[in-house]
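Below are the sequence and a predicted model; questions follow.
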Amino acid sequence: DAGVIQSPRHEVTEMGQEVTLRCKPISGHNSLFWYRQTMMRGLELLIYFNNNVPIDDSGMPEDRFSAKMPNASFSTLKIQPSEPRDSAVYFCASSLGARQGTGGYTFGSGTRLTVV
Amino acid sequence: SQQGEEDPQALSIQEGENATMNCSYKTSINNLQWYRQNSGRGLVHLILIRSNEREKHSGRLRVTLDTSKKSSSLLITASRAADTASYFCATDGSSNTGKLIFGQGTTLQVKP
């Protein structure tokens, strides 16, 4: 398995533009998580899905952020309009689900977003 | 708010020495996990310890858990330069949802 795949790896955009981040979880994993990492705040959970259904989006900072999971193999995180304070590394992670046994999350390599 | 708090924030040791990192958390848990993050990369799962376990080993890693003190420690024995990374603890807050909350991390530098 290629692991969790995120694209793009880097994104530089101008303030006000729409940004779409993409994630392909590991096949068979039924939970998917979006995190944001900054020096100031560390790793923040934005939203997570179980079986493609959003369970908790309380970490989504504003209405400018939205996430979808149309099927088990794809999720998007969209920011519209983007602002400089959205600059961060965005990680997607997947796991086998709520009642974990010996495993944990598998993280993607992240998307480094810079909004200028 | 962050569930886990790591201590120290930064640690610098010589190759071959042992490194100990601590994590404290606030609520009851089902399990606690440790992750490593190399610079510019995603987090990698190292080890999971359940709330009814007190100690767990994996290679050069040893994790302890004290639920009465709401704390855990990660010990890396005989450290190597390749162990240089940030280490994070994460807890599920007994939510049974699989949702993990991460601490701020400990940055470990192992000097060759």
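That came through, no problem.

any idea how far the residue lying closest to residue B:111 once chain neighbours are set aside lies from residue B:80?
With C-beta to C-beta, 6 or more residues apart in numbering or on different chains as the measure, residue B:14 is the residue that lies nearest to residue B:111, at 5.4 Å, once sequence neighbours are left out. Any C-beta I mention is one placed from the backbone N, CA and C, and that applies to glycine too. The spacing between residue B:14 and residue B:80, counted by C-beta to C-beta, to the nearest Å, is 11 Å.

low pLDDT regions in the chain?
If you meant another chain, say so; for now it's chain A. By pLDDT under 70, the weakly predicted segments of chain A are A:1, A:97-103.

Let me rephrase: I mean chain B.
Applying pLDDT under 70 to chain B flags the ranges B:1-4, B:94-97.

who in it is up against chain A?
Residues of chain B lying near chain A by C-beta under 8 Å from any C-beta of the partner chain: B:2, B:31, B:33, B:35, B:41-45, B:48, B:88, B:90, B:96-105.

Make a PyMOL selection of whichever of those residues turn out to be buried.
In PyMOL, a selection of the buried entries from the residues of chain B next to chain A looks like this (16 or more other C-beta atoms under 10 Å in any protein chain shown):
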select buried, chain B and resi 2+31+33+35+42+43+45+48+88+90+97+98+99+100+101+102+103+104+105
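
for chain A, what spans make up the strands?
Counting by DSSP state E, chain A has these strands, from start to end: A:5-7, A:10-13, A:19-24, A:31-38, A:42-50, A:53-56, A:65-71, A:74-79, A:88-95, A:106-107, A:111-115.

can you count the residues close to the closest residue to residue B:71 other than its chain neighbours?
Closest residue to residue B:71 apart from its sequence neighbours, by C-beta to C-beta, 6+ apart: residue B:24 at 4.8 Å. Residue B:24 has 16 neighbours, counted by other C-beta atoms under 10 Å in any protein chain shown.

Repeat that for the one 3 residues further on.
Other residues lying near residue B:27 total 12 when counted by other C-beta under 10 Å.

ok, now residue B:16?
11.
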